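Visitor: the following comprises the amino acid sequence and a computationally predicted model.
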Amino acid sequence: MALAINGLRRSALSVPYSVPISESRAARCPRRARVMANSQTANVAVRPWAASAGTRKTRMHRLIEEEGCVLLPGIFDALSASVLQSAGFKAGFVSGYAVSASRLGMPDIGLLTPPEMADAARAICAAAPNVVFIVDADTGGGNALNVQRTVKDIMATGAGGLFLEDQVWPKKCGHMQGKQVIPAEDHAAKIAAAREAIGDADFFLVARTDARATAGGLNEAIARANLYMEAGADACFVEAPRSDDEMREVCKRTNGFRAANMLEGGFTPLHTPQELKEMGFHLVLHSTTAVYASARALIDTLKVLKEEGTSRDHLQKLTTFEEFNSLIGLKEYNETGARFEKFKVPSN
């Protein structure tokens, strides 16, 4: 028997975490996801660990309970993470778009590798230990085995979760043209593999779909989001809805926690967390705001420096020496160093 989603048929044996359900076996496979796409149905068995996603309590679950809708600014390095923590944010998003730009000077078109993202996340989490960071893991680096390794690598950074998307590799930024998606059951297998790797750890799994940009449109994106939730995700993320009506439709027809991405200049209308909460969203990403602000500040400041040869008349646009040293914790490091300079081994 083969699975059919949006007209695509594949041998069930080629899907490592998906088992087609015949009528005779349905009674023995109660945990299954049903996907409706273009009037066709696919049945995908879901492993027992998927059910644990609804009963676990991670740091992100607790933040959602406390705030209703959690704001996660996009962060790209240790300095921006320090600024985020100093500003009082409880959560942040390690943005693949921003890390690709800051670390490589390259666009978000699949050039950043999972090890590079894990390395960036490690520095970010160390710089802001009081913040819960969700990391953009793109497509996970390959098949289910690659996904499990990526999940474990990112868990080891101290992050509180990750996003995993269903684009064909090389992927693109969610608000760029020309995106393609893999078969839905293949990504459900990746989500199930990620869930198995996470186990009972304090780690929040967000399943992203980019199917809104494909021929299947919003209906297929919603169907995929629900399938991925059944496969074990903690939250779903339908990327790049085009209007308020589409955003409300996503909230009306998807299950569980939902994420929205407020990308300046993108396809999706910009809203406040309160407005998004009223629609039915629980996580609000500002994936590009910080990197755009940083780029604008650098462009403007270096333009002045190039033209005038000095920053003397523009100091109000810069942090002061004292402010910057405070931001990066110089006083605390000096105090720690002083304590150990006076250290003496106790005599017997």
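Guide: Looks like it arrived, so ask away.
Visitor: dump the residue contacts of residue 85.
Guide: 127, 128, 130, 131 (CB atoms under 8 Å, 6 or more residues apart in numbering). To be clear about C-beta, it is placed using only N, CA and C from the backbone, and glycine gets the same treatment.
Visitor: isn't there a helix covering it?
Guide: Yes: with DSSP: H, G, I helix; E, B strand; the rest coil as the criterion, residue 85 is part of a helix.
Visitor: from residue 73, how far out is the closest residue to it other than its chain neighbours?
Guide: Of all residues not flanking residue 85 in the chain, residue 128 sits nearest, at 3.8 Å (CB to CB, 6 or more residues apart in numbering). Distance of residue 128 to residue 73, computed by CB to CB, to the nearest Å: 11 Å.
Visitor: what pLDDT does the residue nearest to residue 213 when sequence neighbours are not counted get?
Guide: Closest residue to residue 213 apart from its sequence neighbours, by CB to CB, 6+ apart: residue 179 at 4.6 Å. You'll see residue 179 listed with a pLDDT of 81.
Visitor: counting neighbours, what do you get for residue 179?
Guide: 21 (other CB atoms under 10 Å).
Visitor: which residues touch it?
Guide: The neighbours of residue 179, taking CB under 8 Å, 6+ apart as the test, are 167, 168, 171, 172, 210, 213, 214.
Visitor: and the residue nearest to residue 83 when sequence neighbours are not counted, how many neighbours?
Guide: Nearest non-adjacent residue to residue 83, counting by CB to CB, 6+ apart: residue 327, 6.7 Å away. Using other CB under 10 Å, the number of residues around residue 327 comes to 14.
Visitor: show me the contacts for residue 327.
Guide: Contacts of residue 327 were listed using CB under 8 Å, 6+ apart, and they are 79, 82, 83, 86, 319.
Visitor: need those residues in JSON lines (columns: distance to residue 159).
Guide: Below are the contacts of residue 327 laid out as JSON lines (distance: CB to CB, whole Å):
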{"residue": "79", "distance to residue 159": "18"}
{"residue": "82", "distance to residue 159": "16"}
{"residue": "83", "distance to residue 159": "18"}
{"residue": "86", "distance to residue 159": "19"}
{"residue": "319", "distance to residue 159": "27"}
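Visitor: looking at those, which one is closest to residue 198?
Guide: The closest of these to residue 198 turns out to be residue 82 (CB to CB; 27.6 Å).
Visitor: downstream of the helix or strand hosting that closest one, the next helix or strand is which one?
Guide: Secondary-structure assignment from DSSP states H and E places residue 82 in helix 78-86. Downstream of helix 78-86, the first helix or strand assigned by DSSP H and E is strand 91-94.
Visitor: contacting residues around that next one?
Guide: By CB under 8 Å, 6+ apart, strand 91-94 touches 60, 63, 70-76, 81, 84, 117, 120-121, 124, 128, 131-136, 159-160, 285-287.
Visitor: can I get the CA coordinates of that strand in CSV?
Guide: Only the C-alpha atoms of strand 91-94 are listed here, as CSV (Å, rounded to 0.1, in the frame of the first residue of the first chain):
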residue,chain,number,x,y,z
ALA,A,91,13.0,34.2,25.3
GLY,A,92,14.8,34.6,22.1
PHE,A,93,15.1,33.1,18.6
VAL,A,94,18.5,32.1,17.1
